[in-house]
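A.B. asks: Make a model of this:
(one chain, ligands or ions: 3)
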Amino acid sequence: MAQIAQVLVDVPTMQTNRPYSYQIPVAWQSQVTPGMRVVVPFGRGKRRVQGFVLKLDETTNYDGDLKAIDAVVDLAPVLNHEALEMTEWLAESTFSFRITCAQTMLPAVMRAKYEKQLRVTAQTTSTVQQTVFKDQTEVPFDDVATTPKAVSDLLRLQADGQVDVYYHVKNQARRKTQLAVKPLLTSSEFTEAETDVRAGATQQLALLKGLATLNGEVLAQKAFTERFGVSEATIRVGAKKGWLEKVAVEVYRDPYATSNIKPTKPLKLNDEQQVAVDQIVTAIEAPKTTTFLLEGVTGSGKTEVYLQAMAAALAQGKTALMLVPEISLTPQMVNRVKGRFGKAVAVLHSGLSSGEKYDEWRRIQRGEAQVVVGARSAVFAPLKNLGLIVMDEEHESTYKQDDAPRYHARQVALWRSRYHNCPVVLGSATPSLETRARAEKGVYQRLVLADRVNRRPMPSVSIIDMKKEMQQHAESNFSAPLLVALQDRLDRHEQSVLMLNRRGYSSFVLCRDCGFVLKCPNCDISLTLHMDTHTMKCHYCGHEEAIPRVCPNCHSRQIRYYGTGTEKVEEELRDLLPDARIIRMDNDTTRKKGAHAKLLAQFGSGEADILIGTQMIAKGLDFPNVTLVGVLNADTALGLPDFRASERTFQLLTQVSGRAGRAEKTGHVYIQTFNPDHYAIRFAKHHDYEGFFKYEMRMRHQGGYPPYYFTVQITASDLDEAVAAKRMYQLLQWLRPRLAPNTIILGPTPKPIARVNRRYYYQIVIKYKQEPNLKQTLTTLLHETQVQQRQGLQIGIDVEPLHFM
Ligand SMILES: Nc1ncnc2c1ncn2[C@@H]1O[C@H](COP(=O)(O)OP(=O)(O)OP(=O)(O)O)[C@@H](O)[C@H]1O
Ligand SMILES: [Zn+2]
Ligand SMILES: [Zn+2]
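C.D. replies: Ligands and ions are numbered 1, 2, ... in the order given. This next block holds a predicted model:
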């Protein structure tokens, strides 16, 4: 029997990718299995940390006394065989620590939390001990070490051997339970018992009848009282008489319990959809690991293709995973999947409470849910026997995680498809250049939906040159043609969607006399005006301050607000079109849980004429009565120092244009821009993804950017700018001889937004076509920078970064 466990320990200050050996106490030797969490002593002193059992061994080649496992956290493994293998691959491919990867795969509540505890080791009558502990034998350290005096008292007690400090690993994952009624007799025994009850005791008779109908099953007390009209007092009587037992049963917190989603049936597919579904289903049934690119224009019915392919996987007795960008932003999608697959669906996204996430996760792990819809981290959902993975809007950058492990969900999806031997479908109207280029080479199989459902026309797009418009009516956000079109839709009782591009844009405060711009004291960017709270806020670190009345620099009163926020646009529009009913959707109006879905439902049911919003309204919305889309500022993101600026602008314009004219009525789009001749805008006008792809590929080729080159970004940050800069120059010296001569190293440069949260950022970008030494070099770097991290300097490694800001 295995006596030794190899444990991956959670030691944040000393991350390591090497497991440590621990003795398994005899009593647990038959229970401990790989994938379970355990608590183990680590290092000197009484420190306790959590860890994952990776492997069991009969013997060890460590010749010293092995420490023993302290406690077992789980009764069953929380990481299965696949997950354990995945941690190893993920750590290697993202240059992060295996423990960080393991934790990323689990719901946040399952991550260990440590509590510093103080415990009595020798009982004395000392008054200090009395005041600290009262009558308890242990107390949380933070509760008692509140003053310098208290701390010095405690230190004296510790030196005296009266107390010691240890770390308690806290389990935060709580199951929710409910009181339930459990019948203790058989149905015939209950019928018999009825004869012993007085004829007038109607409540008790009702109770016995109810218990008999349960056939031995447990039922929640609340449901029982409602169904059989029996009071709680009567249930207590029944418990005393030995008819029933009150038990606690586990219930799941169901985030969609109260929503009322209508069931749907599969639609009859059109020819293009049918071809796509057939190809995918063939790969599911084979089974084969084919990766499909489903390139379908907006409104071409990609979702129906996903749903029918997923149904085919379920029909094979397999499971299906569907990823969506940030699901809390696309409640329509959840409804569609739940409408088709009902209770088989589990949903995972950031809008759920941590308890809800934990419950959905366990439903998946126990095999009670066969379909998962979720945002980025749902790619780790513990589905067994996967038959299909779908990634909708595959070009979206929210699929990439910004912190370690810096993984892209697409990469994880492809890994899992190899593990399960199942196909992946990457879907988009505007695929990322990388994905489309792979389809060009035949690495991915391309499926095309060239037409909208029922051959509905794409909306016509008008480009409005704002330089000319500004000469006529300077201060307005609305050009004359857009305003006319809005009024026209009001008259016809049709709906409009207006998008304000927030990226690279903000409403800031500027002094007309001296040019002073109010900036965040922690970060290198201007503060944004928020009218709802009447404050200036930093969108990077959350810093907040009052709106200045005079210029902090020259004390002039000529301080003014510039730029446009959604609120200002809304205000202006209410002036221009006083009869219009307007819904505004941005970070401020959707902060509350469920607010997003509610606003969309209101708009969908026709309670408003105009929906104004930020990027969050660009994707996925499918409202038949929307015939007008206006983009107020198409090009604010074009000027950003990032080679993907054109690609992002093209994608955004195409996606938002796609919201118009999706049903019987034809749609029209107005794009207001200062760069009417820019190619990203010209191709978007003609819904010409393929044209854009070819043009942009040439640009990338000339510039030496992905997909022609691979990239890795290394950042250093420190509170002291000189430390960050110096470390990067040292790093450059260190890297150069280790990498191939034709590998390009850019930088170091300060990042375009050089200071965030009081830290200064410097970056180096490595561009390469083939680099045999890269893996080894970056792995070494990862481990060597551990020491520095402890001193405050932080090094980040990002493989294929999506943002260069
Ligand atoms: N075969 C079909 N017959 C009739 N209606 C369909 C069919 N397939 C899809 N639809 C409908 O067409 C509309 C558009 O489909 P869907 O939202 O899936 O498009 P999409 O390709 O995902 O678009 P986008 O990329 O813009 O989100 C939906 O209302 C959907 O119910
Ligand atoms: Zn000033
Ligand atoms: Zn800030």
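
A.B. asks: Now the residue in the stretch 451-600 of the chain that ligand 1 sits nearest to: closest residue in space, sequence neighbours ignored.
C.D. replies: Closest contact between the stretch 451-600 of the chain and ligand 1, by C-beta to the nearest ligand atom, is at residue 453 (4.0 Å). C-beta coordinates here come from the backbone N, C-alpha and C atoms, glycine included. Residue nearest to residue 453 in three dimensions, not counting chain neighbours: residue 301, with 4.5 Å by C-beta to C-beta, 6 or more residues apart in numbering.

A.B. asks: Quick check: that neighbour vs residue 450, distance?
C.D. replies: 12 Å (C-beta to C-beta, to the nearest Å).

A.B. asks: give me the number of residues near the residue nearest to residue 453?
C.D. replies: Other residues lying near residue 301 total 21 when counted by other C-beta atoms under 10 Å.

A.B. asks: cool, residue 428 as well?
C.D. replies: By other C-beta under 10 Å, the residues close to residue 428 number 24.

A.B. asks: for it, which residues make a bridge with it?
C.D. replies: residue 295 (DSSP bridges).

A.B. asks: Let me see the contact set for it.
C.D. replies: 293-296, 392-395, 435 (C-beta atoms under 8 Å, 6 or more residues apart in numbering).

A.B. asks: Can you tell me which of those residues is closest to residue 579?
C.D. replies: Nearest to residue 579, judged by C-beta to C-beta, of these is residue 393 at 35.2 Å.

A.B. asks: So what does the closest one look like in phi/psi?
C.D. replies: Main-chain dihedrals, residue 393, degrees, to the nearest 10: phi 50, psi 50.

A.B. asks: how about it, what does it touch?
C.D. replies: 324-325, 427-428, 619-620.

A.B. asks: Of these, which one scores lowest on pLDDT?
C.D. replies: Among those, residue 620 carries the lowest pLDDT, at 68.

A.B. asks: Quick check: the residue nearest to residue 453 vs ligand 3, distance?
C.D. replies: Separation of residue 301 from ligand 3 (C-beta to the ion, to the nearest Å) stands at 43 Å.

A.B. asks: Please apply the same query to residue 465.
C.D. replies: Taking C-beta to the ion, one finds residue 465 at 35 Å from ligand 3.

A.B. asks: Can you tell me the closest non-neighbouring residue to that residue?
C.D. replies: Take residue 465 and drop its neighbours on the chain: the residue closest to it by C-beta to C-beta, 6+ apart is residue 676, 4.6 Å away.

A.B. asks: contacting residues around residue 794?
C.D. replies: Counting by C-beta under 8 Å, 6+ apart, residue 794 has contacts 716-718, 759.

A.B. asks: per-residue pLDDT, it?
C.D. replies: Looking at residue 794, its pLDDT is 84.

A.B. asks: Next, it: phi, psi?
C.D. replies: When read as degrees, to the nearest 10, the backbone of residue 794 gives phi -120, psi 130.

A.B. asks: low-scoring stretches of the stretch 701-805 of the chain, by residue?
C.D. replies: Filtered on pLDDT under 70, the stretch 701-805 of the chain yields the residue ranges 752-754, 786-791, 804-805.

A.B. asks: Which of the three states applies to whichever residue of it sits closest to ligand 1?
C.D. replies: With C-beta to the nearest ligand atom, the shortest gap between the stretch 701-805 of the chain and ligand 1 falls at residue 802, namely 20.4 Å. Secondary structure, DSSP: H, G, I helix; E, B strand; the rest coil: residue 802 is coil.

A.B. asks: any idea how far it lies from ligand 2?
C.D. replies: 38 Å.

A.B. asks: My read is that that residue contacts residue 398, right?
C.D. replies: No - using C-beta atoms under 8 Å, residue 802 makes no contact with residue 398, being 9.4 Å away.

A.B. asks: neighbour-wise, which of those two wins?
C.D. replies: residue 802 (20 against 16).

A.B. asks: wait, what's in contact with that one?
C.D. replies: The contact partners of residue 802, by C-beta under 8 Å, 6+ apart, come to 397, 400, 644.

A.B. asks: after the strand ranked longest in the chain, next one along is what?
C.D. replies: Determined from DSSP state E, the single longest strand within the chain is strand 744-756. For strand 744-756, the following helix or strand on the C-terminal side (DSSP states H and E) is strand 759-768.

A.B. asks: what packs against that next one?
C.D. replies: strand 710-718, helix 721-735, strand 744-756 (3 or more C-beta pairs under 8 Å, 6 or more residues apart in numbering; DSSP states H and E).

A.B. asks: angle of the following helix or strand past it against strand 710-718?
C.D. replies: For strand 759-768, the following helix or strand on the C-terminal side (DSSP H and E) is helix 774-790. Counting by axes from the mean of the first three to the mean of the last three C-alpha atoms, to 10 degrees, helix 774-790 points 10 degrees away from the direction of strand 710-718.

A.B. asks: Quick check: what element follows helix 774-790 along the chain?
C.D. replies: Heading C-terminal from helix 774-790 (DSSP H and E), you reach strand 794-799.

A.B. asks: Could I get the buried residue list for that next one?
C.D. replies: Within strand 794-799, the residues scored as buried using 16 or more other C-beta atoms under 10 Å are 795-799.

A.B. asks: Direction included, what does that strand pair up with?
C.D. replies: strand 710-718 (antiparallel).

A.B. asks: can you tell me if the strand or helix carrying residue 314 touches ligand 1.
C.D. replies: Following DSSP H and E, the helix or strand that holds residue 314 is helix 302-315. Yes - using C-beta under 6 Å from any ligand atom, a contact is recorded between helix 302-315 and ligand 1, made by 302-304.

A.B. asks: which of the residues you listed tops the neighbour count?
C.D. replies: So for these (other C-beta under 10 Å), the most neighbours sit at residue 302, 24 neighbours.

A.B. asks: so that residue touches residue 294, yeah?
C.D. replies: Yes - here residue 302 lies in contact with residue 294, judged by C-beta under 8 Å, at a distance of 5.8 Å.

A.B. asks: joint contacts of these two?
C.D. replies: In contact with both residue 302 and residue 294: 427, 449, using C-beta under 8 Å, 6+ apart.

A.B. asks: Next, count neighbours for residue 559.
C.D. replies: When neighbours are defined as other C-beta under 10 Å, residue 559 has 22 of them.

A.B. asks: typed the wrong thing, it's residue 676
C.D. replies: With other C-beta under 10 Å as criterion, residue 676 counts 18.

A.B. asks: how would you label it: helix, strand or coil?
C.D. replies: Using three-state DSSP, the structure places residue 676 in coil.

A.B. asks: Just give me how far stretch 78-94 sits from the chain centre.
C.D. replies: 19 Å (C-alpha atoms, centre = their mean, to the nearest Å).

A.B. asks: Buried residues, that stretch. List them.
C.D. replies: For stretch 78-94, using 16+ other C-beta under 10 Å, the buried residues are 78-79, 82-84, 86-87, 90-91, 93-94.

A.B. asks: and that stretch, what's its mean pLDDT?
C.D. replies: On average, stretch 78-94 scores 95.

A.B. asks: CA atoms only for that stretch, dumped as PDB, please.
C.D. replies: The C-alpha trace of stretch 78-94 is given here as PDB (Å, rounded to 0.1, in the frame of the first residue of the first chain):
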ATOM      1  CA  VAL A  78     -11.200  17.600  -6.700                       C
ATOM      2  CA  LEU A  79      -8.800  17.300  -9.600                       C
ATOM      3  CA  ASN A  80      -9.200  14.300 -11.800                       C
ATOM      4  CA  HIS A  81      -6.600  12.600 -13.900                       C
ATOM      5  CA  GLU A  82      -7.200  15.000 -16.800                       C
ATOM      6  CA  ALA A  83      -6.900  18.100 -14.600                       C
ATOM      7  CA  LEU A  84      -3.700  16.800 -13.000                       C
ATOM      8  CA  GLU A  85      -2.100  16.300 -16.400                       C
ATOM      9  CA  MET A  86      -3.400  19.700 -17.500                       C
ATOM     10  CA  THR A  87      -1.700  21.500 -14.700                       C
ATOM     11  CA  GLU A  88       1.600  20.200 -15.800                       C
ATOM     12  CA  TRP A  89       1.100  21.300 -19.400                       C
ATOM     13  CA  LEU A  90      -0.400  24.600 -18.500                       C
ATOM     14  CA  ALA A  91       2.400  25.500 -16.100                       C
ATOM     15  CA  GLU A  92       4.900  24.700 -18.800                       C
ATOM     16  CA  SER A  93       3.300  26.500 -21.700                       C
ATOM     17  CA  THR A  94       2.400  29.700 -19.800                       C
END
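
A.B. asks: I am finished for the moment; much appreciated.
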